[in-house]
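Enquirer: let's see this in three dimensions:
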Amino acid sequence: MFVNNSHPNHGIALGAIDVETLGPGATKRVERVLEQRGGNGPTPMHKLSALAQELGVGAIHVKDESFRLGLGSFKALGGAYALIVLVLEEATKRLGRPTDASELLTPKVRNVAAELTFACATDGNHGRSVAQGAEFVGAKSVIFVHSGVSEERVAAIAGFGAEIIRVAGNYDDSVAEATRIATAKGWTIVSDTSWPGYQRIPRLVMQGYTAMVREALAQMESPPTHVFVQAGVGGVAAAVAGYLAISLGEKRPTFIVVDPARAACLYESARANKPVKIAHGEPTVMAMLECYEPSPVAWQVLSHVADGFMIVDEGDAIGIMRRLARPLGTDPAIVSGESGGIGLAGLIEVCKHRELRDKLSIGSTARVFVINTEGATDARRYEALVGLTPAAVLAQNG
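Expert: Numbers count the residues shown, from 1 in each chain. Okay, here's the model as predicted:
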């Protein structure tokens, strides 16, 4: 269930390129871009005092990304941000002068964007972000979705004007097909995973996520002592862990990466002390995390600053959805999708094991930070699993 990080790089300072990508300076660039987008604003930070008391910890803070930029997921910060940066860079090249984010909606920049096509593979949320970013700047987008992506999630992507291409197989198959076709047609791939020779754009995607962490630190009374963050290919976990390590230094929190048991590529990589591609098995309900090979740029960061890796089961994911929908005491009700709450599920699982709690120093003074990475991105599926509509869950908060 749990493995300590024993990689030779663990505890060694991050390299210059990671500091440049994930440090506070980079976040200012992200915020400059976000200022241009409608609906931008900090997402809520919830405090689960009753649950913290039940688990015997000092505090539990939940950053609720179900309200992010109208997309219902933290992914809204990544793909769209990377796409916008790429448009600004192309405009700078074509116009022969520096192009600022404030010029995104000017005719000259939009004319440049109109000639560009961006492509990606997705389980749902990343594709929505890329499609939304393309629509915002006036570019074209082509989104590749595998057979496991629900029609409701596909429709949400298409709603931003994206062309949809269905691919047989799983997420990794859709990544390969997107890469093949985009390369042949000269489209720009905006992927949240990396591979040899393709690293800069995934770093930009990770950079976009740092805005969420900067907000979180400003919303908490004190920095967290422990952080549990879920992972697919590892991008969001690396962004959160890297930013915290860079900005807090020796006071950084203990950081735990949480994987689905059926798609535990980072957990297995930690066991092997190197990136590992795992075999495809039975699909996981945690669809947004169903990835079988870590992103090398994410692993590079996590091998330095993550303290442990763990897995949670299918029942844990569904259980935490229901628990957040029907909270204890006066804790707020939270709409959390199938992948959204498993960082919190990881904390709950750890708290069942005294030896593990002691090893991680999770006691009455622990301040735990987790992220609800998505809301009900498929409302019908959410209701089927939770027994309540998203609206009915939120109605409990008055």
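Enquirer: was I right to think residue 325 contacts residue 388?
Expert: Yes: with contact defined as C-beta atoms under 8 Å, residue 325 and residue 388 form a contacting pair (5.6 Å). Every C-beta, even on glycine, is put in place using the N, C-alpha and C of the backbone.
Enquirer: more neighbours: the two, which one.
Expert: residue 325 (24 against 19; other C-beta atoms under 10 Å).
Enquirer: who are the contact partners of the more buried one?
Expert: Counting by C-beta atoms under 8 Å, 6 or more residues apart in numbering, residue 325 touches 333-336, 386, 388, 393.
Enquirer: could you rerun that using 7 Å?
Expert: If you count contacts by C-beta atoms under 7 Å, 6 or more residues apart in numbering, residue 325 has them with 333, 335, 386, 388, 393.
Enquirer: which secondary structure element is home to the closest residue to it other than its chain neighbours?
Expert: Spatially, and ignoring its direct neighbours in sequence, residue 325 is nearest to residue 393 (4.6 Å; C-beta to C-beta, 6 or more residues apart in numbering). Assessed by DSSP states H and E, residue 393 sits inside helix 390-395.
Enquirer: residue 118 too?
Expert: Assigned by DSSP H and E, residue 118 falls in strand 117-122.
Enquirer: repeat that for residue 301.
Expert: With DSSP H and E as criterion, residue 301 is part of helix 296-305.
Enquirer: alpha carbons of that helix, as PDB, please.
Expert: Extracted in PDB, the C-alpha atoms of helix 296-305 (Å, rounded to 0.1, in the frame of the first residue of the first chain):
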ATOM      1  CA  PRO A 296       9.600  11.700 -17.300                       C
ATOM      2  CA  VAL A 297       9.600  15.400 -16.400                       C
ATOM      3  CA  ALA A 298       7.100  14.800 -13.500                       C
ATOM      4  CA  TRP A 299       9.100  11.800 -12.300                       C
ATOM      5  CA  GLN A 300      12.300  13.900 -12.300                       C
ATOM      6  CA  VAL A 301      10.600  16.300  -9.800                       C
ATOM      7  CA  LEU A 302       8.900  13.700  -7.700                       C
ATOM      8  CA  SER A 303      12.000  11.600  -7.300                       C
ATOM      9  CA  HIS A 304      13.600  14.600  -5.600                       C
ATOM     10  CA  VAL A 305      10.800  15.900  -3.400                       C
END
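Enquirer: quick one: average pLDDT of it?
Expert: Mean pLDDT, computed over helix 296-305, is 97.
Enquirer: what's it in contact with?
Expert: Contacts for helix 296-305 (C-beta under 7 Å, 6+ apart): 7, 9-10, 12, 14, 18, 194-195, 199, 202-203, 233-235, 237-238, 241-242, 245, 255, 257, 266, 269, 275.
Enquirer: weed out the non-buried ones from those residues.
Expert: The neighbour count (16 or more other C-beta atoms under 10 Å) marks 7, 9-10, 14, 18, 194, 199, 202-203, 233-235, 237-238, 241-242, 245, 255, 257, 266, 269, 275 as buried among the contacts of helix 296-305.
Enquirer: out of these, which are inside strands?
Expert: 255, 257 (DSSP state E).
Enquirer: mind listing what's buried in the strand holding residue 118?
Expert: For strand 117-122, by 16+ other C-beta under 10 Å, it's 117-122.
Enquirer: for residue 177, state which of those is nearest.
Expert: Proximity of the buried residues of strand 117-122 to residue 177 (C-beta to C-beta) peaks at residue 121, which lies at 7.3 Å.
Enquirer: run through the bridge partners of the closest one.
Expert: residue 144 (DSSP bridges).
Enquirer: quick one: average pLDDT of the longest helix out of those in the chain?
Expert: In the chain, taking DSSP state H as the definition, the longest helix is helix 200-219. The average pLDDT within helix 200-219 is 97.
Enquirer: what's the following helix or strand after it?
Expert: Taking DSSP H and E, what comes next after helix 200-219 is strand 226-230.
Enquirer: how about residues contacting that next one?
Expert: 236-237, 240, 244, 253-258, 289, 339, 342-344, 346-347, 360, 362, 366, 368-371, 373.
Enquirer: mind checking which of those residues land in helices?
Expert: 236-237, 240, 244, 342-344, 346-347, 360.
Enquirer: and of the residues you listed, the nearest to residue 24?
Expert: residue 244 (11.0 Å).
Enquirer: so that closest one sits right up against residue 252, yeah?
Expert: Yes: between residue 244 and residue 252 there is a contact under C-beta atoms under 7 Å: 5.1 Å.
Enquirer: with neighbour numbers in mind, choose between the two.
Expert: With neighbours defined as other C-beta under 10 Å, residue 244 and residue 252 compare such that residue 244 has more, 25 against 20.
Enquirer: from residue 250, how far out is that one?
Expert: 12 Å (C-beta to C-beta, to the nearest Å).
Enquirer: same thing with residue 227?
Expert: 16 Å.
Enquirer: and these two? Which one has more around it.
Expert: Set side by side, residue 227 and residue 250 show more neighbours around residue 227, with 28 against 5, by other C-beta under 10 Å.
Enquirer: what is the longest helix of the chain packed up against?
Expert: Based on contacts counted as 3 or more C-beta pairs under 7 Å, 6 or more residues apart in numbering; DSSP states H and E, the elements that helix 200-219 packs against are helix 16-22, helix 24-34, helix 79-95, helix 235-248.
Enquirer: what angle sits between the third one and strand 117-122?
Expert: An angle of 160 degrees separates the directions of helix 79-95 and strand 117-122 when computed by axes from the mean of the first three to the mean of the last three C-alpha atoms, to 10 degrees.
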